[in-house]
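Asks: generate coordinates for the sequence data below:
(one chain, ligands or ions: 1)
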Amino acid sequence: MTKINYTNAAIYNHAAQTFETNRYMIVDTDTGKIIETGEGKGPASVDETVDMKGKYVMPGIMNAHTHITSIPTYWWHDGEEDRHSDSREFNTMYAIRNMQDAINNGITYIRNVGAAYDIDMEIQKMQEKGMIAGPKVMTSGRAFTMTGGHGAGSGHEVDGVDEMIKGVRTAMKKGVDNIKLMVTGGVLKNGETPDDIQFNEDEVRAAVVEAHHKGKTVAAHVQGVEGVKEAARVGVDTVEHAFNIDDETIAIFREHGTTIVPTMNAMYAIYEYGENTVPDWARQKVIVNIEKHFASITKAAAAGIPIAMGTDAGTPYNGFESESAYEIQLYVEKAGMTPAQAIDTATINCARAMHVEAEYGEIAPGKYADFIAMTEDPIADISVIQREKDVYQNGVNVHRAVMTIEDQQMKQAEMQVAGR
Ligand SMILES: [Zn+2]
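Replies: Numbering: from 1, shown residues only. Here you go, the predicted model:
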């Protein structure tokens with residue numbers, strides 16, 4: 001067993017809603033887990049001591065809504081579709097690149113909610129065996145959709161209760177961790193709207209019953225409020241997107257313990273950067289819905305409904321680099337959360353929504369030592385999470401903050417002052 005004492009750090013404490021200074025954490029690199037935390041320098045009887053002076057340490061970012069096989073550049077130029085090949089090979093290559101981007105940017109756990117050819121299941125194995133870099137992966141395989149429904153191109157089309165039961169059982173036989181259902185229409189498919197109901201209540205219920213029988217979770221893509229209510233009423237675990245919820249919806253969420261995964265940056269990025277590159281039919285749906293969406297998340301946050309951070313990474317201008325941290329900033333700026341509440345959405349709340357809170361989501365004994373170290377306090381300025389940072393996975397450093405030229409010059413000047 002190799003014990004490392006990361007000492008002299010300011011460590012985020014979810015219960016205290018702040019970073020606590022003068023803290024240490026001891027990790028065991030064999031298990032990858034934290035074995036002790038506390039105040040002060042901590043014991044010297046370890047194999048290695050790492051001085052974290054001036055570092056703000058929080059759990060690694062968790063993202064509950066990604067599409068690892070997609071690229072965030074759009075496929076529409078001068079009115080012509082110009083999409084990358086939909087082949088298994090291209091999808092796999094993008095997934096491996098996205099995995100590397102994610103870990104370099106401090107994202108240490110993703111829940112993938114829809115992958116062509118079930119590629120996320122193979123990516124999960126490659127990551128676990130250490131063959132590729134990247135966050136840990138919770139899989140859904142191909143998303144379920146009705147015939148011709150949202151995501152039908154790469155999804156699994158099923159109709160009726162019997163096909164849903166067979167489909168969900170087959171996915172679980174293959175080994176998916178989560179079931180993803182497209183319950184309403186969405187933005188990035190022409191000829192449908194976010195308000196369209198696609199799967200009916202019986203179909204959604206059948207999926208929920210089957211998944212829950214095997215202890216698996218269900219994530220429902222639902223945008224318009226009627227779809228949100230339908231999915232929440234029959235007990236899906238997470239509602240993805242949620243554009244215009246009302247008081248009745250809040251009451252249904254409370255009754256069923258539903259968590260919302262907002263993906264606000266998916267909307268924001270198309271709104272902000274998509275003119276002339278994202279097709280008008282898609283961008284118009286964003287323009288009509290973005291304020292309703294942000295107001296909806298604000299309302300849910302104020303009502304104390306659990307919110308788990310997710311971005312829909314893989315949609316236009318919304319990738320696997322600093323976008324997850326920007327989503328966290330949007331929760332502060334556009335959904336009325338405190339910086340600590342926003343940090344919780346990307347750590348403890350994700351862990352709970354993904355049913356892995358026994359081992360993830362906090363800096364505490366028994367949890368995996370997946371964490372990020374920053375040089376500034378995110379409670380004072382939530383945007384610092386987007387900057388370069390040191391990333392640790394299973395207790396060891398996997399990415400060092402790349403210093404800008406200005407940073408390097410400043411550091412040199414400091415060393416000269418110190419006479420070194
Ligand atoms: Zn999505």
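Asks: residue boundaries of the strands in the stretch 251-400 of the chain?
Replies: In the stretch 251-400 of the chain, the strands defined using DSSP state E, counting those that start in this stretch lie at 259-261, 371-374, 390-393, 396-399.
Asks: just put those in a markdown table and tack on distance to residue 330 and mean pLDDT.
Replies: All C-beta spots, glycine's among them, are computed from the backbone N, C-alpha and C. Shown next, in a markdown table, are the strands of the stretch 251-400 of the chain (distance: least, CB to CB, whole Å; pLDDT from 0 to 100):
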| stretch | distance to residue 330 | mean pLDDT |
| --- | --- | --- |
| strand 259-261 | 13 | 98 |
| strand 371-374 | 19 | 98 |
| strand 390-393 | 22 | 98 |
| strand 396-399 | 24 | 97 |
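Asks: now these as CSV including mean neighbour count and distance to residue 168?
Replies: Listed next are the strands of the stretch 251-400 of the chain as CSV, based on neighbours: other CB atoms under 10 Å; distance: least, CB to CB, whole Å:
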stretch, mean neighbour count, distance to residue 168
strand 259-261, 28, 20
strand 371-374, 25, 35
strand 390-393, 22, 32
strand 396-399, 15, 35
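Asks: those strands into JSON lines, with extra columns for distance to residue 344?
Replies: JSON lines is the format used below for those (distance: least, CB to CB, whole Å):
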{"stretch": "strand 259-261", "distance to residue 344": "12"}
{"stretch": "strand 371-374", "distance to residue 344": "15"}
{"stretch": "strand 390-393", "distance to residue 344": "19"}
{"stretch": "strand 396-399", "distance to residue 344": "23"}
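Asks: these: which one's closest to residue 15?
Replies: Residue 15 lies closest, by CB to CB, to one member of those: strand 371-374, at 16.8 Å.
Asks: so what does that closest one touch, helix or strand wise?
Replies: strand 56-59, strand 390-393 (3 or more CB pairs under 8 Å, 6 or more residues apart in numbering; DSSP states H and E).
Asks: list the contacts of the helix or strand that the first one is followed by.
Replies: Toward the C-terminal end, the helix or strand that comes next after strand 56-59 (DSSP states H and E) is strand 61-66. Outside of strand 61-66, the residues that reach it under the criterion CB atoms under 8 Å, 6 or more residues apart in numbering are 98, 102, 105-113, 135, 219, 238, 240, 261, 263, 308-314, 320, 324-325, 328, 346-347, 350-351, 353-354, 360-361, 372, 385.
Asks: I figured residue 232 hits residue 249, correct?
Replies: Yes - with contact defined as CB atoms under 8 Å, residue 232 and residue 249 form a contacting pair (6.9 Å).
Asks: these two: who's more crowded?
Replies: Shown here are residue 232 and residue 249; by other CB atoms under 10 Å, residue 232 has more neighbours (28 against 25).
Asks: relative to residue 297, how far out is residue 163?
Replies: 33 Å (CB to CB, to the nearest Å).
Asks: neighbour count winner among those two?
Replies: Neighbours were counted for residue 163 and for residue 297 using other CB under 10 Å; residue 297 has more, 25 against 17.
Asks: compile the helices and strands packed on strand 371-374 into TSV and extend it with columns for distance to residue 214.
Replies: Below are the helices and strands packed on strand 371-374 laid out as TSV (distance: least, CB to CB, whole Å):
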stretch	distance to residue 214
strand 56-59	28
strand 390-393	28
